[in-house]
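Q: Turn this into a structure:
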Amino acid sequence: PSPVGNPLAADNGARDRVDTAVEHALAGYEVEGGADKATQWQRWVDVRDAVQPGHKHRYYDDQMLYHYTREGFGGVTNVERASLGALTHPERTARVSERVR
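A: Below you'll find the model as predicted:
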């Protein structure tokens, strides 16, 4: 197979978005008392999202929550997971983040 191209090369604003997102993620560790576990994982997801915003194969937030924090699926049931699909990305993020507080 051919190597996959650099996703940042085709998008002039991608490098700036990624750099800004990385700075924001790293700043989360510099707050007094340390990183907020309920939100720090989302900062790193934001770095991934910055590469290609609105990617059609993006994982659900509860799946990423598990991979970033090992917190299970944030207590989200299958019924709730199905209803999350009807929410916007910020609404899903808020709903899942509430689960880990």
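
Q: can you map out the helices along the protein?
A: For the chain, applying DSSP state H gives helices covering 14-27, 37-51, 61-69, 78-84, 89-99.

Q: Check the ones you listed for me: which has the lowest mean pLDDT.
A: In terms of mean pLDDT, the lowest-scoring of those is helix 78-84 (a mean of 53).

Q: For Leu52, list the residues it contacts.
A: Quick fix: residue 52 is Gln, not Leu. 7, 11, 14 (CB atoms under 8 Å, 6 or more residues apart in numbering). Yep, even glycine has a C-beta here, placed from its N, CA and C like the rest.

Q: change it to 6 Å
A: Gln52 makes contact with Pro7, according to CB atoms under 6 Å, 6 or more residues apart in numbering.

Q: what about it, distance to Thr69?
A: Going from Gln52 to Thr69 by CB to CB, to the nearest Å gives 23 Å.

Q: Please apply the same query to Ala10.
A: As judged by CB to CB, Ala10 and Thr69 stand 32 Å apart.

Q: Just want to know which of the two has more residues nearby.
A: Thr69 (14 against 9; other CB atoms under 10 Å).

Q: where does the more buried one sit relative to Val22, distance-wise?
A: Thr69 is 19 Å from Val22, where distance means CB to CB.

Q: For Arg58, give me its contacts.
A: By CB under 6 Å, 6+ apart, Arg58 has no neighbours at all.

Q: let me redo that: Ala50
A: Residues near Ala50 by CB under 6 Å, 6+ apart: 17-18, 21.

Q: my guess is Thr69 contacts Trp41, does it?
A: Yes. Between Thr69 and Trp41 a contact is recorded at 5.2 Å, counting by CB atoms under 6 Å.
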